[in-house]
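Chemist: Below: sequence and its predicted model.
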Amino acid sequence: METRTALVTGAAQGLGQEFAVALAGRGYRVAGLDLVPQRETADRIVDYVELVADVTDETQVGGALERMLEQFGTLHVLVNNAGVYPESAFEDTTPEEWRRVMRVNLEAPFLLTRAVLPYLKAAGWGRIVNIASAAVLTAPPTMVAYTASKAGLIGFTRALASALGPCGITVNAIAPSMVRTETAERTVGADGGFEHVRAQQAVPRTQEPSDLVSTLLYVVDEGSGFLTGQTLNVAGGSAYL
């Protein structure tokens, strides 16, 4: 069987880094794309392509993909993980901030998917995984822009699955709760966010990046070709689909 290749966005730290490491451990060749260098991730993966680019910039995305293909030659899996989640009252959200959230969380997956699609089609096999959020179900009042962007990502996942099924490409989303990452610790975690979310969960502990790894590996597995258009809610029972 051909060695599969995966591209993970937001791979410098946190959930993206754990996804990249897990895929490498499963035998994938892995490239990571982030706005910053990914030295720590590269140190954990033997055969790793580090791509520094802005996921909201179509030209930079195209250039990064070309660099990856120069080394790997093909692509089979895309994990749209990069995202931002500012927390503020709705009336304090400026149009500029709203557009930034939409660009990173919704437009970037569109740009990445559009760029990689010819290579997934050429391979005749593909998996696209979008990292959504349980916030779509719990609707936190201070994360209106974020929740709207992730709801859009779920709609994108469903419609794209219908479009790409005939090509042997599945499209699914994973919806975590609040995951303990460096960014979350620095932002929402500093104001008691983890404690608030834990109180809403059936599983009374903070979600770690490792809690999402097995779900990702299941979604991209060779045997998961009949799973598409779905959102897997991996959020400790904070909400139920």
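Modeler: Right, received. Where do you want to start?

Chemist: what's near enough to touch residue 219?
Modeler: Taking C-beta atoms under 8 Å, 6 or more residues apart in numbering as the criterion, residue 219 is in contact with 127, 129, 170, 172, 174, 227, 232. The way it works is simple: take the backbone N, C-alpha and C, and place the C-beta from them, glycine included.

Chemist: Which of those fall in strands?
Modeler: Here DSSP state E is the test, and the contacts of residue 219 give 127, 129, 170, 172, 174, 232 as lying in strands.

Chemist: Just send those back as a markdown table, with distance to residue 2 too.
Modeler: Below are these laid out as a markdown table (distance: C-beta to C-beta, whole Å):
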| residue | distance to residue 2 |
| --- | --- |
| 127 | 14 |
| 129 | 19 |
| 170 | 17 |
| 172 | 22 |
| 174 | 25 |
| 232 | 26 |
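
Chemist: and these as a markdown table, adding neighbour count, pLDDT and distance to residue 208?
Modeler: Below are these laid out as a markdown table (neighbours: other C-beta atoms under 10 Å; pLDDT from 0 to 100; distance: C-beta to C-beta, whole Å):
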| residue | neighbour count | pLDDT | distance to residue 208 |
| --- | --- | --- | --- |
| 127 | 25 | 98 | 23 |
| 129 | 24 | 98 | 19 |
| 170 | 23 | 98 | 26 |
| 172 | 25 | 98 | 21 |
| 174 | 26 | 98 | 14 |
| 232 | 19 | 98 | 17 |
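
Chemist: can you give me the strands in the protein?
Modeler: Under DSSP E, the chain gives strands at 5-9, 29-34, 48-52, 77-80, 126-131, 169-176, 231-234.
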